[in-house]
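**Student:** Fold the following and give me the result.
(chains A and B, ligands or ions: 4)
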Amino acid sequence: MTKADTPLLEIENLTVEFDTASGNLKAVDGVSLSVHEREVLAIVGESGSGKSVSMLAVMGLLPWTARVTADALRFQGRDISNLTSSERRKLVGKDVAMIFQEPIASLNPCFTVGFQIDETLREHTKLNKRERRDRTIELFEAVGLPNPEDRLSAYPHQMSGGQCQRVMIAMAIACDPKLLIADEPTTALDVTIQKQILDLLVDLQAEKNMGMIMITHDMGVVAETADRVIVKYKGRKMEEADVLSLFENPQNSYTKALLSALPENATGDRLPTVTDLTFEQQANPEASA
Amino acid sequence: MSEIVLETRNVTRDYSIGGGLFSKQKTVHALKGIDLKLEKGKTLAVVGESGCGKSTLARIITMIDAPTSGEVLIDGQPVDITAGPLSSEMRRKVQIVFQNPYGSLNPRQKIGDVLMEPLNIDGSVPVSERRERAMGMLEKIGLLPEHFNRYPHMFSGGQRQRIAIARALMLNPQLLVLDEPVSALDLSVQAQVLNLLADLQDEFSLTYVFISHDLSVVRYIADEVMVMYFGEAVEYGTRDEVFSNPQHNYTKTLFAATPRADVESIKKRLAAKVA
Ligand SMILES: Nc1ncnc2c1ncn2[C@@H]1O[C@H](COP(=O)(O)OP(=O)(O)O)[C@@H](O)[C@H]1O
Ligand SMILES: Nc1ncnc2c1ncn2[C@@H]1O[C@H](COP(=O)(O)OP(=O)(O)O)[C@@H](O)[C@H]1O
Ligand SMILES: [Mg+2]
Ligand SMILES: [Mg+2]
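**Tutor:** Residues are numbered from 1 along each chain as shown, chains lettered A, B, ... in the order given. Ligands and ions are numbered 1, 2, ... in the order given. All right, here's what the predicted structure looks like:
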C-alpha cells in the first residue's frame, strides 16, 4: 500500500465488553472501519448502539472495567493498540481531536475559555506565550466567534451553547489534527445553531484536509455531512456505503426500516416501525464491508 | 358548527428575575400576546427554539400557571386559576405529557398504581373498576397485563413515554398538551409513539397541542402550525400554508436550517462539493 492511500485510522474487528450487574455486555461487537484524509465518515445508530464506546476505545479513554480487543488499531499505519500513556497523550489532542455533545459540560467552568485553549497549545506546541495568544485569537476567528479578543477572558457560563461548541471546535483544531472525531456535536443545540456548527465543521474539514468521523443518531446530519456511512445496531455494523447509495438504495433491512421511520418519508397515515426481533438474525458484521 | 376546545386571547406571561441584593430586577416577557383557537380533534404544533416560550404556553394551557394578562378558554369557558380552585371537571379536561420519560414517573410506584392514581382523586371510582380501566389502558398502549406490577426502571424510554401518555388519558381528557414528547426518543421508538398518538386521537377524538422543535415531525403530525420566536407567534396557519408559503423571516431561516435527508438534496450537496 502506498503512503497516499494508507488510511488515517484503521480498526479491525474491535470488540468492547463490560461486566455489568446483569451480566456481560458486548457494547461493540466485531466492528471494522477505516477513515481517510479529507474524508467524512458518519457513524449512525440509535442510542446504545456502541458509537461512543467504539471511539473512546480507540482513544484509550474507557474505564478499566472495559475489555477491549481488536485485530488491529492503526493510525497512519502505526500500531496504536499498546501506547504508553504519554504516547497516547501525544496522539490524542494533537493528531486526533474529539468534540462531544455537551459543549458547556466539556469545558471547565472555573477557567476562562482563553486559558483553556492556551493549555492545549502549551501541551502540544512550542509556541511562546505571545504566540499562543495570537494563535488563540486566530482560532476564535476561524470558528466564527464575534470579538475574539474579548472572548479570551470569558467564562463558559457567559456564553451560549452554540458559542461554547465553537470554543470546543477551536480547541480541537488548535494543533491542526489530522483526524477530528465529533460525537453528536449538535445534538444539544437548536436547529439554526446546528446548521451553523455543521457548516463550520465541514468547511474546516475541507480547508484543512482533515479526516472526520461524525457520530450521530440523526439521519439528517448524515445526509448533510457524510461522504461514507456506517450504520450500527446493538454494537454491530449493519451496513457500510457511500452516502448517496445508502439513502438511494439501502441494502440492509435495518437501514431500510430506519429510513422509512423518518417522518419526512411517511407515505401512509401511520409510520412503519422498527421491531427489534427482525434484526437479531440479520446483524452481520461483515455486511458489505 | 365545529367545536372550539381551546382558545387563548392575547395571553402574556412575564417573569421577574434577579432583584436580589446585587442585581437589578429584570422582566422577561416569555409570552407577548398569544392568540389561538383550536378545534376538537385537531393537532396544533408549536415550534420554535429553546427559550421562545413553548413550555410557558404549555403550562398556561394546562392551567398549571396563570397568564400575566389575557384569557384562556377551555371548551368555551374562561378559566382563571388565580380566582380559586378549579372544579375537578375542569382540571380533568386538559392533561400534559412532558419530554423526559425518566423524570416524570415516580421510580417507587408500580405501573398499575401510576395509571390508577388519577382515578383516586375524588374516591368515586371503586377499586375494581380502577383496576379494570388501568388494564384496558395498558393494552391500548401496547403493553401486557403482566406489566401492571412492574416498576418504571424496567421499561425502555419509549415504553415509559407511552405509560406517561396512558396516565394522562386515564381521566378521559379532551385536550392533551404534549411538550416535546418524542424529543428524547430514538427514531424507531419515536415512530411508535407518534402512531400511538394518532390511534388515540382517532379513537377518542382527542385534541392535541404538540410542542416540538423538529420540523419533520411537525409536518407529519400537525393540522395547524404556530411558529414562536421570542415569545411571539410570528407565524400561525394550516400546516400547508406554513410549509408551502412561510411569511416570516424566522420561519424561513428555520426551514433552511433543517437538515434534508432526501436523495436530491444529497446529490446537490455532493455536486457542490466537487465544484
Ligand atoms: N462505562 C460503562 N460501563 C458499562 N456499560 C457501558 C459503559 N459505557 C457504555 N456502556 C454501555 O455500552 C453500550 C454502548 O454505549 P455507547 O457507545 O455510549 O452508545 P451510543 O454512543 O451509540 O449511544 C450501552 O449499552 C451503554 O450502556
Ligand atoms: N419560572 C421561570 N422563571 C423565570 N424565567 C422563566 C421561568 N420559566 C421560563 N422562563 C424564561 O421564559 C422564557 C421562555 O421559557 P420556556 O417557556 O421554558 O421556553 P421553551 O419551552 O420554548 O424552551 C425563557 O427566557 C426562560 O428563561
Ligand atoms: Mg454516544
Ligand atoms: Mg420547553
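
**Student:** how about the strands in chain A?
**Tutor:** A:9-20, A:23-35, A:40-44, A:66-69, A:72-75, A:78-79, A:96-99, A:179-183, A:211-216, A:228-233, A:236-242 (DSSP state E).

**Student:** Any chance of those strands in TSV with mean pLDDT, mean neighbour count and distance to B:Arg260 as columns?
**Tutor:** Backbone N, C-alpha and C define where each C-beta goes, glycine included. As requested, those are exported to TSV (pLDDT from 0 to 100; neighbours: other CB atoms under 10 Å in any protein chain shown; distance: least, CB to CB, whole Å):
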stretch	mean pLDDT	mean neighbour count	distance to B:Arg260
strand A:9-20	96	18	29
strand A:23-35	96	18	24
strand A:40-44	98	26	15
strand A:66-69	96	16	37
strand A:72-75	96	18	34
strand A:78-79	95	10	39
strand A:96-99	93	23	23
strand A:179-183	96	24	20
strand A:211-216	97	25	15
strand A:228-233	97	25	16
strand A:236-242	97	22	17
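
**Student:** quick one: what helix or strand has B:Leu143 in it?
**Tutor:** Using DSSP states H and E, B:Leu143 sits in no helix or strand.

**Student:** how about the strands of chain A in CSV, adding distance to ligand 1?
**Tutor:** Converted to CSV, those look like this (distance: least, CB to the nearest ligand atom, whole Å):
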stretch, distance to ligand 1
strand A:9-20, 4
strand A:23-35, 3
strand A:40-44, 8
strand A:66-69, 6
strand A:72-75, 17
strand A:78-79, 24
strand A:96-99, 13
strand A:179-183, 7
strand A:211-216, 7
strand A:228-233, 7
strand A:236-242, 12
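
**Student:** Out of the ones you listed, the one nearest ligand 4 is which?
**Tutor:** strand A:211-216 (22.7 Å; CB to the ion).

**Student:** List the contacts of the residue of chain B most remote from its centre.
**Tutor:** Residue farthest from the centre of chain B, counting by CA atoms, centre = their mean, is B:Ala275 at 44.4 Å. Residues in contact with B:Ala275 (CB atoms under 8 Å, 6 or more residues apart in numbering or on different chains): none are found.

**Student:** I figured B:Ala222 was touching B:Thr43, is that so?
**Tutor:** Yes - at 5.3 Å, B:Ala222 counts as touching B:Thr43 under the criterion of CB atoms under 8 Å.

**Student:** For ligand 4, what is the nearest residue in the stretch 151-289 of chain A?
**Tutor:** Of all residues in the stretch 151-289 of chain A, A:Asp190 sits closest to ligand 4, at 11.6 Å by CB to the ion.

**Student:** State the distance from that residue to chain B.
**Tutor:** Relative to chain B, A:Asp190 is positioned 4 Å away (CB to the nearest CB, to the nearest Å).

**Student:** Distance check, that residue against B:Ser216.
**Tutor:** 15 Å (CB to CB, to the nearest Å).

**Student:** Kindly report the same for A:Arg228.
**Tutor:** Distance from A:Arg228 to B:Ser216, by CB to CB: 24 Å.

**Student:** Please apply the same query to A:Thr69.
**Tutor:** Taking CB to CB, one finds A:Thr69 at 39 Å from B:Ser216.

**Student:** longest helix anywhere in the chain?
**Tutor:** All of this refers to chain A. The helix spanning the most residues in chain A, taking DSSP state H as the definition, is helix A:191-207.

**Student:** Let me rephrase: I mean chain B.
**Tutor:** For chain B, the longest helix by residue count, based on DSSP H, is helix B:187-204.

**Student:** contacting residues around the helix or strand just after that one?
**Tutor:** Counting by DSSP H and E, the next helix or strand C-terminal to helix B:187-204 is strand B:207-212. The contact list for strand B:207-212 (CB under 8 Å, 6+ apart) reads B:5-6, B:38-47, B:54-55, B:57-58, B:61, B:174-183, B:197, B:201, B:218, B:221-222.

**Student:** nearest residue to A:Leu61 other than its sequence neighbours?
**Tutor:** Excluding its sequence neighbours, the residue lying closest to A:Leu61 (CB to CB, 6 or more residues apart in numbering or on different chains) is A:Val92, at 7.6 Å.

**Student:** I'd like to know how far the one you found sits from ligand 1.
**Tutor:** A:Val92 sits 18 Å away from ligand 1, taking CB to the nearest ligand atom, to the nearest Å as the criterion.

**Student:** Pretty sure that residue sits against A:Leu56.
**Tutor:** No - A:Val92 is not in contact with A:Leu56 according to CB under 8 Å; the separation is 10.5 Å.

**Student:** Counting neighbours, what do you get for the residue nearest to B:Ser265 when sequence neighbours are not counted?
**Tutor:** Counting by CB to CB, 6+ apart, B:Ser265 lies nearest to A:Ala223, which is 6.7 Å off, once chain neighbours are set aside. Residues contacting A:Ala223 under the criterion other CB atoms under 10 Å in any protein chain shown number 22.

**Student:** ok, A:Ala223 to A:Ala182 distance?
**Tutor:** A:Ala223 sits 16 Å away from A:Ala182, taking CB to CB as the criterion.

**Student:** which bits of chain A sit near ligand 1?
**Tutor:** Contacts of chain A with ligand 1, taken as CB under 6 Å from any ligand atom, map to A:18, A:20, A:25, A:27, A:45, A:47-53, A:63, A:65.

**Student:** Could you tell me the angle between the longest helix of chain A and strand A:40-44?
**Tutor:** Angle, helix A:191-207 to strand A:40-44, by axes from the mean of the first three to the mean of the last three CA atoms, to 10 degrees: 140 degrees.

**Student:** Now for residue 70: which residues touch it?
**Tutor:** Picking chain A for this. Here A:Ala70 is in contact with A:11-15, A:57, A:81 (CB under 8 Å, 6+ apart).

**Student:** think we crossed wires, I meant chain B
**Tutor:** B:8-12, B:33-34 are the contacts of B:Gly70 under CB under 8 Å, 6+ apart.
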